[in-house]
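1. what's the 3D shape of this:
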Amino acid sequence: MNIKKPNFWDQKTPNLFAYLLLPIALIIKIFIYFKKKPDNSKMNIKTICIGNFYIGGTGKTSLCIKINQILEKRKIKSCFIKKFYKNQADEQKLLENNGKLFLSLTRKEAIQNAINENYEVAILDDGIQDKSITYDLSFICFNNINWIGNGMTIPAGPLREDINNLKNYDHVFLNGNLENLDEIETQILKINSKINIHLGKYEITNLNEFKKEDDYLVFSGIGNHSTFIAMLKGYGFKIKKDFEFSDHYQYSEKDLNKIFSEAEFLNCKIITTEKDFLRLNGNNDRKIKFIKSELNIIDEEKLIKSIS
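-> Just a heads-up that it's a prediction; the model follows:
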C-alpha cells in the first residue's frame, strides 16, 4: 500500500484535522504501552539500533552505512540487521550493497543468525519501538528541516512516539541543511540535558555526472521529498518540475510514462534518488540517472567515541 503522509503533519502547529485524530492517537499510544513489556535480556553481540520518532526520511539507513564503514576501518566485524518488509526492498538492496545484511521476519532471529556467523556488532536499521530487544546503543534520527512536524503522534501527526521520550535515550542524530539548529538543540536538551547530539549533512558524490546548465525533472518516493529537493537546489540544480510519491513507492509503467512525457515536453533530464533507482528494476532506467549521496558526519570523532 502506498500512502503519502498528509500535509498537515508537517505544519508547525496542529490544525483541526490533527485535533480530530487526537483520540485515535491516544488509543494507539495506550495499546502500544500495554502490548509488549521491555525484554531486559541481552544478546551475545553488541547491538546498535538506528531508529526514529518521525516516520520516514530521517537518514536511518545512511547512518547505518556510515557506522558500518567506521567499524570496518577498525577491523571490527559488523553487519546490518533488518526486519523483512515486502515494500522495503530498496533499503534492503542499499544495505546489501554496503555490507553484510541479515534479514528475517523478526529482528531477534536476524541477530541470532549474525551471532552464529561470529559477527561482533549488529547495526539495526529501525527497531527503536521493538521492545523485545534491549540495545547496547540507540540513536534517534531526525531531519532538522521537518523536525517533529506538528509534534503529535500517528495519526494526528508524524511521530511514532512522543518527543518527550527522548529522556529515555542517549544519542540523537540530526541531518538536513544544518541551519537554524539552536532552537532544535534547545528543545532536545530541555527534555534530556545529558543526551549526545550528533550532526550530519548529505553530500552528492557523483556530481560530475550532471551538468548544471541542464534543466531537470526530479521524482522520488522517499520519506522526505522536500529534503531531497532542498539538497539539489543547494548544489545549484535547475529543477523545472518535480513529482512526489509515497515512501517506498512501487512505480508502474503508467507512472514512468507520465514522467518521461513530462520530461520530453519540458526538455528536461530526469533524476531521482538511489533508493528510487533500485526500485525501478531496470525498467526504462537508461533515461533516468540517480543522485548518489553520502552522509558526512560533522564531528566523526565524537561518533566514533560513542560507538566504540
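2. since we're on Asn87, how many residues are nearby?
-> 14 (other CB atoms under 10 Å). Every residue, glycine included, has its C-beta placed from N, CA and C.
3. where does it sit relative to Gln250, distance-wise?
-> 7 Å (CB to CB, to the nearest Å).
4. How about Phe139?
-> 29 Å.
5. With neighbour numbers in mind, choose between those two.
-> More crowded of Phe139 and Gln250, by other CB under 10 Å: Phe139, with 27 against 16.
6. That one belongs to a helix?
-> No: with DSSP: H, G, I helix; E, B strand; the rest coil as the criterion, Phe139 is assigned strand and is not in a helix.
7. On the pLDDT front, check Thr106 for me.
-> What the model reports as pLDDT for Thr106 is 94.
8. gap between it and Val121?
-> Distance from Thr106 to Val121, by CB to CB: 19 Å.
9. Now do the helices in this structure.
-> 16-35, 60-73, 89-96, 107-116, 182-191, 225-234, 253-266, 274-279, 300-307 (DSSP state H).
10. Show me the shaky parts of the stretch 1-150 of the chain.
-> 1-3, 36-41 (pLDDT under 70).
11. hmm, 50 instead?
-> 1 (pLDDT under 50).
12. now the stretch 151-300 of the chain
-> Using pLDDT under 50, the stretch 151-300 of the chain has no residue that qualifies.
13. mind listing the strands for it?
-> For the stretch 151-300 of the chain, strands defined by DSSP state E, counting those that start in this stretch occupy the ranges 171-175, 196-204, 215-220, 238-244, 269-273, 288-291, 293-297.
14. Quick one: the ones you listed as CSV, columns for distance to Gln11 too.
-> As requested, the strands of the stretch 151-300 of the chain are exported to CSV (distance: least, CB to CB, whole Å):
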stretch, distance to Gln11
strand 171-175, 20
strand 196-204, 25
strand 215-220, 21
strand 238-244, 17
strand 269-273, 25
strand 288-291, 28
strand 293-297, 27
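15. Output those as TSV; include the columns distance to Ser132 and mean neighbour count.
-> Listed next are these as TSV, based on distance: least, CB to CB, whole Å; neighbours: other CB atoms under 10 Å:
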stretch	distance to Ser132	mean neighbour count
strand 171-175	21	23
strand 196-204	25	18
strand 215-220	33	22
strand 238-244	34	15
strand 269-273	32	22
strand 288-291	36	20
strand 293-297	28	17
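16. Mind checking these for the one nearest to Lys4?
-> strand 238-244 (7.3 Å; CB to CB).
17. which strands and helices sit next to that closest one?
-> strand 215-220, helix 225-234, helix 253-266 (3 or more CB pairs under 8 Å, 6 or more residues apart in numbering; DSSP states H and E).
18. what's the closest of the ones you listed to Gly157?
-> Going by CB to CB, the one of these nearest Gly157 is helix 225-234, 16.6 Å.
19. list the contacts for the residue of the chain most remote from its centre?
-> What lies farthest from the middle of the chain is Phe265; by CA atoms, centre = their mean that is 33.0 Å. Neighbour list for Phe265: empty [criterion: CB atoms under 8 Å, 6 or more residues apart in numbering].
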